[in-house]
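**Q** mind folding the following:
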Amino acid sequence: MSWKYCGNQIKLWRIRAGVSREDLAAQAGYSYESVRSMEAGRRKPSFHLLQVADDMCDAKEILLAGAQFLKPEKYPHFAEEYMRYEAEAIVLHWFETLLIPGLLQTEDSARALLNANWPPLDDDTIEERVAARLARQELLKTQTKSFNFLIGEAALRNPLSTEAAHKGQLLHLLAVGEARHIVIQVVPGAGAHPGLNGPFILLDSAEHQRLAYEEGHAMGLLHSDPEKVALMSQRHAMILQRALNPEASAAFIAKLAEEL
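**A** Numbering: from 1, shown residues only. As a prediction, the model looks like this:
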């Protein structure tokens, strides 16, 4: 909506000032179709176009003021509520089947996943989200919080980009897992178990409230209903029974890294 609003404002100011789209495109150094797409909100209006349009239309920096609403979102909009609770939680239980949990991803892993997004993200959004994901990892330094990660074997065997980058990711897991308040366990891939239904996260607050979070391709659900949360807690307990202990998990990860 911010793209559409800012693009429409450029169009309205342009028409009001009697500036043709062709003239605006020529002055800004864009093609006619690029300007048309930005005015329609199909493409994000660039800061450069806002500058040129503001000057040509004598908008007195009113168009430039829209630039603040065009900054890329740090997180998908549906995950924003979860991020607030994640920052406040004192205990976190995270289960992933196919991916390394975001709090444990290296920059290479985060970038590879965001580059593979569909529909494709623009470069600014990718950079903003990589930075935001790495910034979130500062939470891991809080020794009064407890972090427990269950990671499916498939995630540990799947290089997201190069083998060198994947080896770096595995070694990063080993380094992070040395902290006494962080537990990383591997869930072997053989056999059927409740975790095959998908990843989820359990959050415990300082007020002894437990929440559960599930995320899909285009939505995130934060559950507070006691019955739903209890069900997911039971599911977590069953997956935990299948997991290797922390020491065996570290040895498993180390062996995978050595093979690369």
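
**Q** tell me the buried residues in stretch 153-165?
**A** Across stretch 153-165, burial judged by 16 or more other C-beta atoms under 10 Å covers E153, A155, L156, P159, L160, A165. All C-beta atoms are positioned from the backbone trio N, CA, C, and that covers glycine.

**Q** farthest-separated two in those residues?
**A** Longest distance between any two of the buried residues of stretch 153-165 is 18.9 Å, between E153 and A165; criterion C-beta to C-beta.

**Q** about what we covered before: which of the buried residues of stretch 153-165 fall in helices?
**A** E153, A155, L156, A165 (DSSP state H).

**Q** which one of the residues you listed is nearest to F69?
**A** The shortest gap between F69 and any of these belongs to A165, at 34.7 Å (C-beta to C-beta).

**Q** need the per-residue pLDDT for that closest one.
**A** Looking at A165, its pLDDT reads 98.

**Q** what's the answer for A40, then?
**A** We have a pLDDT of 93 for A40.

**Q** again, but for H223
**A** H223 is assigned 95 on the pLDDT scale.

**Q** quick check: bridge partners of it?
**A** H223 has these beta-bridge partners by DSSP bridges: A212.

**Q** all helices for the stretch 151-260 of the chain, in order.
**A** Applying DSSP state H, counting those that start in this stretch to the stretch 151-260 of the chain gives helices spanning 153-157, 163-176, 226-242, 246-258.

**Q** for the longest one, packing partners?
**A** In this case it means helix 226-242. Other helices and strands packing on helix 226-242, by 3 or more C-beta pairs under 8 Å, 6 or more residues apart in numbering; DSSP states H and E, are strand 91-96, strand 146-152, strand 182-187, strand 200-204, strand 210-215.

**Q** columns mean neighbour count on top of those, output as TSV?
**A** Output for these, formatted as TSV (neighbours: other C-beta atoms under 10 Å):
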stretch	mean neighbour count
strand 91-96	22
strand 146-152	22
strand 182-187	22
strand 200-204	21
strand 210-215	20
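
**Q** nearest approach to H77 belongs to which of these?
**A** strand 210-215 (12.3 Å).

**Q** put the alpha carbons of the closest one into PDB.
**A** Coordinates of each C-alpha in strand 210-215 appear next as PDB, following Å, rounded to 0.1, in the frame of the first residue of the first chain:
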ATOM      1  CA  ARG A 210       3.400 -20.000  27.400                       C
ATOM      2  CA  LEU A 211       2.700 -19.100  23.800                       C
ATOM      3  CA  ALA A 212       3.000 -21.200  20.700                       C
ATOM      4  CA  TYR A 213       3.900 -19.900  17.200                       C
ATOM      5  CA  GLU A 214       3.500 -21.500  13.800                       C
ATOM      6  CA  GLU A 215       4.600 -19.900  10.500                       C
END
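
**Q** related to what we said a few turns ago, nearest to M219 among the buried residues of stretch 153-165?
**A** Distance to M219 across the buried residues of stretch 153-165 (C-beta to C-beta) is lowest for A155, with 21.4 Å.

**Q** so the closest one touches W94, yeah?
**A** No. In this structure A155 lies outside contact range of W94 using C-beta atoms under 8 Å: 11.7 Å.

**Q** distance of the closest residue to L221 other than its chain neighbours from M1?
**A** Excluding the flanking residues, the one nearest L221 by C-beta to C-beta, 6 or more residues apart in numbering is E214, at 4.9 Å. Distance, E214 to M1, using C-beta to C-beta, to the nearest Å: 26 Å.
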